[in-house]
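> no FASTA, just this:
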């Protein structure tokens with residue numbers, strides 16, 4: 001990217017709230033059902049059907065507001081956002097425009113070891129549209145999703161790189177999942193993003209022409225789309241084609257080509273002809289909702305892990321990046337594992353194997369109680385660290401208890417001093433010349449003796465005991 005330009009990025013994130021029913025009717029919000037079975041006159045927009053506000057959606061919006069240090073408005077309003085699309089049966093979307101439920105707020109992200117504050121303009125409630133499915137020659141529509149409660153979270157244009165944008169999204173994704181207000185499954189579309197991207201010459205205060213990239217649903221694609229769009233705009237600017245090629249429009253990201261492509265001209269708020277929703281009263285947040293408890297959030301948990309468990313900042317950050325990972329770690333500690341050792345076996349050994357197998361921690365074949373037992377067996381010197389890795393490999397493949405796996409692999413260490421002493425005597429007797437060299441100052445030979453003892457014991461001698469006895473014998 002050219003050093004002559006500054007990138008300006010703002011993000012609009014749509015979060016599907018995990019309520020049992022839709023925002024204005026009692027239809028279920030379950031995912032993956034047969035098309036058009038979860039519908040009723042209200043979400044189909046049939047004449048005479050009236051919307052009724054879902055209290056749980058309001059409560060979840062309040063929780064998000066508290067988590068990002070925002071103002072939660074006691075009173076907010078709904079408007080009709082008018083536009084026609086096949087997946088919007090009413091011909092308008094019920095959304096919040098004039099007074100949203102959440103205003104202001106902030107998130108803090110770390111990029112290249114620097115903390116940055118990113119402002120949040122607003123978060124408002126609205127109903128989701130249905131889903132269009134395009135096949136050769138015709139299109140179909142599934143309205144199961146129509147009316148699913150959405151919380152649209154709009155950032156300030158505070159991000160200056162794709163890395164900052166991804167860091168902001170990951171932090172918001174994590175907070176939403178810690179709050180348990182959404183499963184935030186990006187593949188299923190319950191956490192998706194529109195990116196507003198522009199460039200301007202460095203030092204210029206006025207914003208450049210803003211382009212919106214719609215419906216991005218993976219961190220990798222978001223980064224790729226922003227970087228492509230930035231380069232496209234810079235190239236147009238440097239070729240004196242900026243005003244011709246960079247117009248205010250909505251674009252889509254083509255995953256296969258890695259390019260953004262024009263979709264339609266970008267609408268302004270006036271194009272949607274907003275007017276007050278006549279079928280809904282002003283939304284008044286119940287007083288008890290303002291006192292709702294929110295759980296320990298990732299930043300606070302990360303700091304606690306550093307203070308309480310003496311973990312390094314990077315390690316604490318990895319463990320708290322997902323609520324399931326943090327929960328798994330805390331279960332290891334509760335089961336008697338030393339925190340630093342628990343972190344190493346979870347974040348390095350188990351996660352490495354899960355990533356290779358394409359599995360999430362939630363679907364791990366090795367649960368926390370089994371990994372805790374394995375870690376304790378290593379701590380107790382029943383098996384070595386190297387042996388522990390072999391046991392973990394077996395646990396990934398078979399539903400077997402830890403002790404049975406150790407027995408099956410024949411990895412139980414010998415810690416009996418008399419047995420190890422006998423092996424040491426044999427090794428030293430067979431290598432008398434090297435013993436003499438060691439006594440004459442060749443200290444590096446100690447590693448050779450350790451290796452020979454481990455070889456003679458077929459790797460079963462407890463290394464700590466073997467080291468201690470060897471030092472005593474060689475004196």
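Nice, thanks for sending it over. On a predicted model such as this, the values are computed, not experimentally measured, just so you know.
> Where does pLDDT dip in the stretch 251-400 of the chain?
266-269 (pLDDT under 70).
> in it, which spans are helices?
In the stretch 251-400 of the chain, the helices defined using DSSP state H, counting those that start in this stretch lie at 298-308, 313-319, 323-334, 339-343, 351-357, 368-379, 385-397.
> Can you name every helix or strand that the second one contacts?
To tie it back to what came earlier, the one meant is helix 313-319. Where contact means 3 or more CB pairs under 8 Å, 6 or more residues apart in numbering; DSSP states H and E, helix 313-319 is packed against helix 298-308, helix 323-334. Just so you know, the C-beta spots here come from the backbone N, C-alpha and C atoms, and that holds for glycine as well.
> Point out the most buried one among the ones you listed.
Highest mean neighbour count of the helices and strands packed on helix 313-319: helix 323-334, a mean of 18 (counted as mean count of other CB atoms under 10 Å).
> helices or strands up against that one?
Judged by 3+ CB pairs under 8 Å, 6+ apart, helix 323-334 is in contact with helix 162-179, helix 313-319, helix 339-343, helix 368-379.
> now the angle from whichever helix or strand residue 125 is part of to helix 162-179?
Using DSSP states H and E, residue 125 sits in strand 114-127. Counting by axes from the mean of the first three to the mean of the last three CA atoms, to 10 degrees, strand 114-127 lies at 60 degrees to helix 162-179.
> Next up, the contacts around residue 38.
The contact partners of residue 38, taken as CB atoms under 8 Å, 6 or more residues apart in numbering, are 27, 28, 29, 30, 144.
> among the residues you listed, which two are most distant?
27 and 30 (9.6 Å; CB to CB).
> Same drill for the two, tell me which one is more crowded.
residue 27 (20 against 11; other CB atoms under 10 Å).
> Tell me the pLDDT of the closest residue to that one other than its chain neighbours.
Leaving aside its sequence neighbours, residue 27 sits nearest to residue 38 (CB to CB, 6 or more residues apart in numbering; 4.8 Å). In this model, residue 38 is scored at 95, pLDDT.
> what helix or strand is residue 38 on?
Short version: residue 38 belongs to no helix or strand, going by DSSP H and E.
> Likewise for residue 222?
Using DSSP H and E, residue 222 falls in helix 219-238.
> Next: residue 100.
Assigned by DSSP H and E, residue 100 falls outside every helix and strand.
> List the beta-bridge partners for the nearest residue to it once chain neighbours are set aside.
Counting by CB to CB, 6+ apart, residue 100 lies nearest to residue 124, which is 3.6 Å off, once chain neighbours are set aside. Here residue 124 shows beta-bridge partners residue 152, assigned using DSSP bridges.
> my guess is residue 124 meets residue 96, correct?
Yes: the pair residue 124 / residue 96 is scored as a contact, 3.6 Å apart, by CB atoms under 8 Å.
> Pull up the overlap in contacts between those two.
Counting by CB under 8 Å, 6+ apart, the residues touching both residue 124 and residue 96 are residue 76.
> picking up where we left off before, who touches the following helix or strand past the helix holding residue 222?
Remark: after helix 219-238, the chain's next helix or strand is helix 242-245, criterion DSSP H and E. Outside helix 242-245, the residues that touch it by CB under 8 Å, 6+ apart are 209, 232, 233, 236.
> Determine which two of those are furthest apart.
The farthest-apart pair in these, when distances are taken by CB to CB, is 209 and 232, at 11.9 Å.
> Go through the helices and strands packed on helix 323-334 and name the closest to residue 251.
helix 162-179 (15.5 Å).
> quick revisit: and the helices of the stretch 251-400 of the chain as JSON lines, adding distance to residue 58?
Output for these, formatted as JSON lines (distance: least, CB to CB, whole Å):
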{"stretch": "helix 298-308", "distance to residue 58": "24"}
{"stretch": "helix 313-319", "distance to residue 58": "32"}
{"stretch": "helix 323-334", "distance to residue 58": "23"}
{"stretch": "helix 339-343", "distance to residue 58": "39"}
{"stretch": "helix 351-357", "distance to residue 58": "37"}
{"stretch": "helix 368-379", "distance to residue 58": "35"}
{"stretch": "helix 385-397", "distance to residue 58": "44"}
